[in-house]
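> 3D, please:
(4 chains)
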4 protein chains.
Amino acid sequence: MLPLPKIQELLDPLFPGLMGVRLTEVTPERVLAEMPVRPDLCTAGGILHGGAYMAFADTLGAVGTIVNMPQGKRTTTTDSSTKFIGGARVDTTVTAECVALHRGRTTMVWQTSVRSQEGKLCAVVTQTQLVLDT
Amino acid sequence: MLPLPKIQELLDPLFPGLMGVRLTEVTPERVLAEMPVRPDLCTAGGILHGGAYMAFADTLGAVGTIVNMPQGKRTTTTDSSTKFIGGARVDTTVTAECVALHRGRTTMVWQTSVRSQEGKLCAVVTQTQLVLDT
Amino acid sequence: MLPLPKIQELLDPLFPGLMGVRLTEVTPERVLAEMPVRPDLCTAGGILHGGAYMAFADTLGAVGTIVNMPQGKRTTTTDSSTKFIGGARVDTTVTAECVALHRGRTTMVWQTSVRSQEGKLCAVVTQTQLVLDT
Amino acid sequence: MLPLPKIQELLDPLFPGLMGVRLTEVTPERVLAEMPVRPDLCTAGGILHGGAYMAFADTLGAVGTIVNMPQGKRTTTTDSSTKFIGGARVDTTVTAECVALHRGRTTMVWQTSVRSQEGKLCAVVTQTQLVLDT
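Numbering: from 1, shown residues only, chains lettered A, B, ... in the order given. Modelled structure (predicted):
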């Protein structure tokens, strides 16, 4: 398994880097991360943009899949479904926990819960990752 | 209805601005926009990050709702579901068309189709917007 | 391609048969069907049960996939997302149109629109079908 | 709160009754139920039809909402998203646990996990219930 700092290094020049996603734990069972709610991640009213939750979660589900895949495989998200439950305010930090609901040979299903700094559930994202030959 | 340049101006300091979303048509029936696939919107392999599609679409569904809402109302996304169908390469531009499936008093449902520069369907995002009193 | 009456015959002893699903057109591009809103398909208040819409649509997406698959393949639904938009009354008949958003070698994506007898959109179901070796 | 036998009695003449859904626990926090996998709930190959999982779950999320609603309110599902993970064989019994991810005044979000008789996760259904004035 790639160590966390190596994965973070891969993410930094990409969209997760633009958003400021920081991985805090990566194991085959779960992925933890945090993201500061910068003004330029918000929507009107100073709350985190719905798209930022989804992009944050999508990143973690892909990381979780990658650390579970055999060599010579690649993955792509085929589906992602999000329930928005609460808002996260600008200048706080949201945290996410992504756990596997299923880790099969052909597909994996990951669910990410994003919480506000106060620990309130803000969004739940469930995604299917297809595992393909490279 | 707010004119397009005003809406674009509201988006620019927010997450859609960070991503480079440019509205190209806004009517009560549909919202069109484009987004250059910059390297920092991509995932590994130089293709647009799944989260960027979702955030792009989420923005358009919210804009569509806003231009349909009576005064004194606000909106929040309660749900968003995405099917990923194809990839969009770095240094191209993706376009999106967001149309209403339903425009009710309490909820609106918008569906956004994101296409590659060559016109190939890349992602379909369907979202529910709740319409609330301010 | 299996002719429509053969497909209907396969469905009849299964869950679609229990619900009274009747195929009315099957081509590789789309599948049409109807279903009488019997009292035992309803929820409280004499309107079609949300689960009945989803099961109706799931059937059509699977039929659409099957008529597009090469021999020696099988399919399974990996994901289904539904937006409920309006109700359908008991003792009417709902109709559904299922069209392909994507027909690839590994996955197909089908979207089903269910309408009331008066033609009003009641539900939109989008599903991903994985295509596997038998 | 309506007692479980009363709720079961309400369900029996409706779609959940047709499918054989049996509630086994109803509290404001969670709803448990079971459903025998009869041949007429299956798809080809003697496995539970995808639509039957969704209809089973939809029922439980609605029950969970109803036992949490203040008087004078009604509920409707606005959205349901399902990940299919494994199959359940004919002539076994599936069980479901439905728990609240969110219980707000305007919306509730319920997630149902359906398991095979052997306890293997088969499907996860996440649904949004809108709470409305009657």
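> got the contact list for the closest residue in space to residue A:48 that isn't next to it in sequence?
Nearest-residue entry for residue A:48: residue A:88, 4.3 Å, with adjacent residues in sequence omitted and distances by Cβ to Cβ, 6 or more residues apart in numbering or on different chains. C-beta coordinates here come from the backbone N, C-alpha and C atoms, glycine included. In this structure, residue A:88 makes contact with A:37, A:47, A:48, A:94, A:114, A:116, A:117, A:122, judged by Cβ atoms under 8 Å, 6 or more residues apart in numbering or on different chains.
> and the fourth one, that's in a strand?
Right, the one you point to is residue A:94. Yes: under DSSP: H, G, I helix; E, B strand; the rest coil, residue A:94 falls within a strand.
> does the lengthiest helix in chain A come close to chain D?
Of all the segments of type helix in chain A, defined by DSSP state H, the longest one is helix A:50-66. No: when contact is scored as Cβ under 8 Å from any Cβ of the partner chain, no part of helix A:50-66 falls within range of chain D; the minimum is 11.7 Å.
> and the angle from that helix to helix B:50-66?
For the pair helix A:50-66 and helix B:50-66, the angle between their directions (axes from the mean of the first three to the mean of the last three Cα atoms, to 10 degrees) equals 160 degrees.
> so the closest residue to chain D within chain A: helix, strand or coil?
Closest residue of chain A to chain D, Cβ to the nearest Cβ: residue A:81 (3.7 Å). For residue A:81, the secondary structure call by three-state DSSP comes out as strand.
> find the helix or strand that the nearest residue to residue A:134 once chain neighbours are set aside is a member of.
Nearest in space to residue A:134, with sequence neighbours left out and distances taken as Cβ to Cβ, 6+ apart, is residue A:74 at 4.9 Å. Taking DSSP states H and E as the criterion, the element that holds residue A:74 is strand A:73-84.
> buried residues in that strand, which are they?
Neighbour-count burial for strand A:73-84, with 16 or more other Cβ atoms under 10 Å in any protein chain shown as criterion, is recorded at A:75, A:76, A:77, A:78, A:79, A:80, A:81, A:82, A:83, A:84.
> how close does the third one get to residue C:131?
In this case it means residue A:77. From residue A:77 over to residue C:131 the distance is 18 Å, taken as Cβ to Cβ, to the nearest Å.
> show me what contacts residue A:17?
For residue A:17, the set of contacting residues under the criterion of Cβ under 8 Å, 6+ apart consists of A:11, B:40.
> quick check: bridge partners of the residue in chain A positioned nearest to chain C?
For chain A and chain C, the shortest gap (Cβ to the nearest Cβ) falls at residue A:79, measuring 4.2 Å. Note on residue A:79: beta-bridge partners by DSSP bridges are residue A:128, residue B:83.
> quick one: is stretch A:55-67 near chain C?
No: with Cβ under 8 Å from any Cβ as the criterion, chain C is not reached by stretch A:55-67; the gap is at least 13.3 Å.
> hmm, that stretch in reach of chain B?
Yes: under the criterion of Cβ under 8 Å from any Cβ, stretch A:55-67 makes contact with chain B via A:55, A:56, A:57, A:58, A:59, A:62.
> correct me, but the residue of chain A closest to chain D touches residue B:80?
Yes: with contact defined as Cβ atoms under 8 Å, residue A:81 and residue B:80 form a contacting pair (7.4 Å).
> which residue is the nearest non-sequential neighbour of residue A:125?
Beyond its immediate neighbours in the sequence, the residue positioned closest to residue A:125 (Cβ to Cβ, 6+ apart) is residue A:57, lying 3.6 Å away.
> the one you found contacts residue A:115, doesn't it?
No: assessed by Cβ under 8 Å, residue A:57 is found out of contact with residue A:115, at 11.8 Å.
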